[in-house]
Structure formats: structure tokens, C-alpha cells
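[1] structure for the following, please:
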Amino acid sequence: MPSEEDPLQAFATQLRRFKIECGDPSLAKIARLSAKWKPELSKSSVGDVLNGKRMPGLDATMSLIRSLISNDAPSAQVSRDDPRLKEWRTYWSATKNQLDEIRRTAAARATPPSPGAAEQTPRTPTETPRPVPTREEQRTRPSSEAPFRPTTGELSVQRVQRFRSMLKKALDEMDAQGRKWADARYGCYAFFDYDGEPLYVGQSSERLGVRIRRHLVNQRSDAVAMGFLDVQEVAEMELWPLWDLQETERRTAVELLRRAEGEVYLRAAQQSRFGALLNERAPERAERVALPPSRRFALVDEQTRSEQGHADLRIARRAATAARLASLIVERGSVSDGARRALLLQSARLTHLAATHLAYVQGRPDPAAGLIDVPGLLGDDSLTSEDGGFSHF
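    Numbering: from 1, shown residues only. Here you go, the predicted model:
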């Protein structure tokens, strides 16, 4: 744990990371949990410690760590022999020693020499004078009094941090052959919402992980930039890495990749209650192909699902997404049919969710699935029909 940076800020950074690992409880909840330990902590004192404004005493540190551990496992007892307590006790002692040393050094430099001290202790020939720090060195020198500066990742709201953490874990997941699912150069992917409804299907010829991050992290893909795909609605993803195409001639690989994307889209559209996805264009009809093994990953934890999956919140989000897309169409004047297609589907998704939630509130059965004939409205209902056999790559 010890770091070369300012010890106080390093200690606070590690505490914030441990707080996230333990479920990221609020300051108020930490204060409540600390009532079981000694000393009891206040919201303000916890905030000061997490922001590196002051170094807590050992007892306060142990109370904070016990509170975080108990949040992570509410039903379990925090044993005195818990290795995390020992680790944090050791880290606290190391940090305290570093800070004490910094204070002693600063005090020694600030103390003026007594009269005649230079004559009493002449410098030996092997000693060299300490260079006077420049103004820039003084400005950038770490200090326990330095203001807290969060990292870029820490600036994100907790929900986004949890989402990106789960996404990274998914992209690092390995298959039975020890290959990362997202490392395939060629592959297809699909995103799903909180209800497991397919949202969007895509392909990648650069690397699956790169393409997915462009959608969900950087948000620089056309689908996200145009407002077809709302990243906050994505709760799951499925990957189809096409390892067999790794050494295939590029033109052939791109054609097979196109056919695989069409197959993934067709299957997803047949699974969807709307019979269509938010892609700007439905893939062209092609010979059916057998897809390789896939893996589906959850991208939201239970806390996010509980908070962000509420129907009223999702209705508001879908309405806002549809409104932004409609405004974009107005401002641009001339847009592709795909933009209007996406607007129609977003409106259908909004209508269905609002109707389903109203039925729930009124204690009625869910509306029939076929009340909104999206494929018929889009004019591509043939996409959801079963046809053709399967061919292999």
C-alpha cells in the first residue's frame, strides 16, 4: 500500500478505493455503522479523512475500516483477526511514521542555527551544500497540507464507476482456451436493456474490446452520438468472437463478418418483442450462418439495477432520448431514414414501458405483446420470419 507520493494523500486514496470495494456506502451510512465500534464517527470527520484533509488516529481508522467491512457483509461479524484490519493497522503505522519524519525534517530546516554553530561544526571535505529548491520545485513538492485532487476516474459518479468496473471485468474475461473474449480481431456483439430486451447489434474488425469501449466508455460511436443508443439503458452485452477469421484474407473475413452480424441481428430481432433493434439500418438479407459460441455479461450490479431500473426513471430517460433524437432531426433538416427509424422504435419502446407500468400500477395484466406492430410500421417485418438453413464459415 505505501506510496512514493504524499503519504497523507496516498492513505486517503487507498481508503477511497477500499470504500468502493466495500459497496461504496454514503458518509451518513458509514457514520451509522461506526456506532457499533469505538470511537463513533461523524459524517464530517469521515469526509475529511477520505479527502485527505487530516490523518486519523489509529482507533478512528480501525472504526472506519470495520464500518466499511460490515457494509460489505452486513450479516457477518468483523473478527479481530480479520487480515484486512491487520493490513490497515500496518499501513496506518507506516503512514504515521512517514508524516512524523516529514514534520521533523521541516522543523529542523525551519530552526535557525545557534550563534557560532558554523565554527563549532565545520563542514567536512566530503559534504556538499544542499541546493536551494527552485520556486517550481517548492510549488510541486508533495505536502501533507496539499489540497485533495481526485483522479479522473474518481470524478465519475459512483454508478458510472461501477458500470465501467464491471465492463472492464467482462472485457478481461477469458474463455476455456485462455483467450480474452474481447480480444478477437473480428467479432459481433449485442447490447440488452434492463429487461433483457435486445437494443443494438454491431460488428468489429479492429478488436471487439476497442469497439465496445467506443460505444460504452468514450461514447464516440455514431449510434451513441446520434442518440440511437442510450448507454444508460445498457445492462448486458453478448460477444461472439470469430477466432476462425483471425488469419483469413481481409476481404473474405469482412464478408463473413457481415453475414455473421446479419445472423446476430436476425436472432435478436426474433427475440425482441418489437421485432427490430436500434441499428440505423437493418442488415441486408443474406444466407443464414452458424454462429460460434458466445458469452453474455452483466454490466450493472444489483445496486445500479435497483436505482436505475425503476420504471418511472426509465420512462423519463426514454422520453428524453426520443426528444433529443427528434430535436436532432429538426436541427439537421436532412437525415437518413435510419434516424427516423430509430425515433419510431424509441417511441414504441417508451409507449410499451409506460403502458406496462400503468397496468402494473392499476393491478392489470401486462398489455398484449403485439399491440404495437413495429416491424409493420418500419416496413421490414420479413426480418423476423424464419427462413433458410444454416451454413458454416
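
[2] next, please give the residue ranges for the strands of the chain.
    Counting by DSSP state E, the chain has strands at residues 187-192, 198-204, 236-241, 295-298.

[3] go through those and pick out the most buried.
    Highest mean neighbour count among the strands of the chain (mean count of other C-beta atoms under 10 Å): strand 187-192, with a mean of 25. For glycine as for every other residue, the C-beta is placed from the backbone atoms N, C-alpha and C.

[4] sheet partners, orientation included, of that strand?
    If you go by DSSP bridges, strand 187-192 pairs up with strand 198-204 (antiparallel), strand 236-241 (antiparallel).

[5] show me the shaky parts of the stretch 101-250 of the chain.
    110-156 (pLDDT under 70).

[6] span of stretch 234-254 from start to end?
    End-to-end distance of stretch 234-254 (C-alpha to C-alpha, to the nearest Å): 27 Å.

[7] pull out the buried residues from it.
    For stretch 234-254, the neighbour count (16 or more other C-beta atoms under 10 Å) marks 234-243, 245, 248, 253 as buried.

[8] pull the residues that contact that stretch.
    For stretch 234-254, contacts defined as C-beta atoms under 8 Å, 6 or more residues apart in numbering pick out 170, 175, 179, 181-194, 196, 199, 205, 208, 212, 216, 256-257, 260, 264, 291-300, 305, 309, 393.

[9] tabulate the strands of the chain in a markdown table, adding columns for distance to Pro375.
    Output for these, formatted as a markdown table (distance: least, C-beta to C-beta, whole Å):
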| stretch | distance to Pro375 |
| --- | --- |
| strand 187-192 | 18 |
| strand 198-204 | 14 |
| strand 236-241 | 22 |
| strand 295-298 | 25 |
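
[10] these: which one's closest to Ser347?
    Closest to Ser347 of those, according to C-beta to C-beta: strand 198-204, at 14.9 Å.

[11] so what touches the closest one?
    Strand 198-204 is touched from outside by 185-193, 210-212, 215, 223, 228-229, 233-234, 257-258, 260-261, 264-265, 268-269, 271-272, 277-279, with contacts defined as C-beta under 8 Å, 6+ apart.

[12] now the buried members of those residues.
    185-193, 211-212, 215, 223, 228-229, 233-234, 257-258, 260-261, 264-265, 268-269, 272, 277-279.

[13] if we can go back for a sec, between which two of the buried residues of stretch 234-254 is the distance greatest?
    Maximum pairwise distance in the buried residues of stretch 234-254, criterion C-beta to C-beta, is 33.2 Å, between Ala235 and Thr248.

[14] rewinding a little: out of the contacts of stretch 234-254, which are inside helices?
    Ala170, Leu208, Ile212, Leu216, Leu256, Leu257, Ala260, Val264, Arg305 (DSSP state H).

[15] and the furthest pair within those residues?
    Longest span within those, C-beta to C-beta: Leu256 and Arg305, 36.1 Å.

[16] before we move on, back to that, nearest to Arg103 among the strands of the chain would be which one?
    The closest of the strands of the chain to Arg103 is strand 295-298. By C-beta to C-beta, the value is 48.2 Å.
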